[in-house]
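1. sharing a model prediction with you, sequence too.
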Amino acid sequence: MTASNTSTQSHSGGTTQPAPPTVPYVALWSGEREGPMPVVARRDGRGIRYADERSFDRDANGVLWSRAPSQPGRGTPQFGSVHSLRQRIAMAGLRCQICGGPADRTPDGVLWLIDARPGEILPDEEDTAHPPVCRPCAHRSTRVCPHLRGNHTALRVRTFFPSGVNGVLHVPAPNGPTIADSGPIAFGDARLPWVRAHQLIMRLADFAPIDLDDPRA
């Protein structure tokens, strides 16, 4: 990650710690533009594939993923746009979506930030395409991110598992597969072979809201 960092004074004394990066680990940069990704029907007619498909275009579950070179720092950051591979790495590897380091974890669970108020979160489960966070990045994000400021909930999550993907849904057509829709598709959905995935979705369960300002939480 080549985003610039600054140093911050610790509250406990003289040691300094690096501030969270100004550009999130999962953010797309202008120099990482996706190349052409034309899809064709699979030979069995039961989904889509790339005409020049390579082994790393699919994950272990056979899901077809968007292509983009991973060259963070090249060009300018495209805030609001997510790099597909780094999002998936952060989600599956429980890495902080901001700095790319390990997400914060205690005996009470992994730290996630949800862009919703506590009363807007389902009590039993929550689906999110946002990877977890470390504590320093969580504090900074709630101060500087417009969509989180005053509209977020920090959760300690004990149980979580991949539940689906965000992606582009195709349907068969006379001249080849055509785009029909975009959005979340659950694993096990019969339409999944027709999706070009862009983000991994995690289902959060057995969680509890916490106060980020409470050092014991």
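-> Cool, the structure landed.
2. so what pLDDT did residue 22 get?
-> Looking at residue 22, its pLDDT is 77.
3. distance check, it against residue 132.
-> Using Cβ to Cβ, to the nearest Å, residue 22 is found at 20 Å from residue 132. For glycine as for every other residue, the C-beta is placed from the backbone atoms N, C-alpha and C.
4. neighbour count for these two, which is higher?
-> Remark: of residue 22 and residue 132, residue 132 carries more neighbours, 28 against 14, as counted by other Cβ atoms under 10 Å.
5. hang on, the more buried one packs against residue 114?
-> No: the pair residue 132 / residue 114 is not scored as a contact, 10.7 Å apart, by Cβ atoms under 8 Å.
6. quick one: the strands in this structure?
-> Along the chain, counting by DSSP state E, strands occupy 7-9, 16-18, 27-29, 39-41, 48-50, 64-65, 77-82, 105-106, 109-114, 125-128, 153-171, 178-186, 195-210.
7. sheet partners, orientation included, of the third one?
-> Right, strand 27-29. Applying DSSP bridges, strand 27-29 is found paired with strand 77-82 (antiparallel).
8. ok, the last one next?
-> Applying DSSP bridges to the sheet, strand 195-210 is found paired with strand 64-65 (parallel), strand 125-128 (antiparallel), strand 153-171 (antiparallel).
9. list the buried residues in it.
-> For strand 195-210, the neighbour count (16 or more other Cβ atoms under 10 Å) marks 195-204, 207, 210 as buried.
10. pipe the residues you listed into a markdown table and attach pLDDT per row.
-> Below are the buried residues of strand 195-210 laid out as a markdown table (pLDDT from 0 to 100):
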| residue | pLDDT |
| --- | --- |
| 195 | 97 |
| 196 | 97 |
| 197 | 97 |
| 198 | 96 |
| 199 | 98 |
| 200 | 98 |
| 201 | 98 |
| 202 | 98 |
| 203 | 97 |
| 204 | 96 |
| 207 | 95 |
| 210 | 93 |
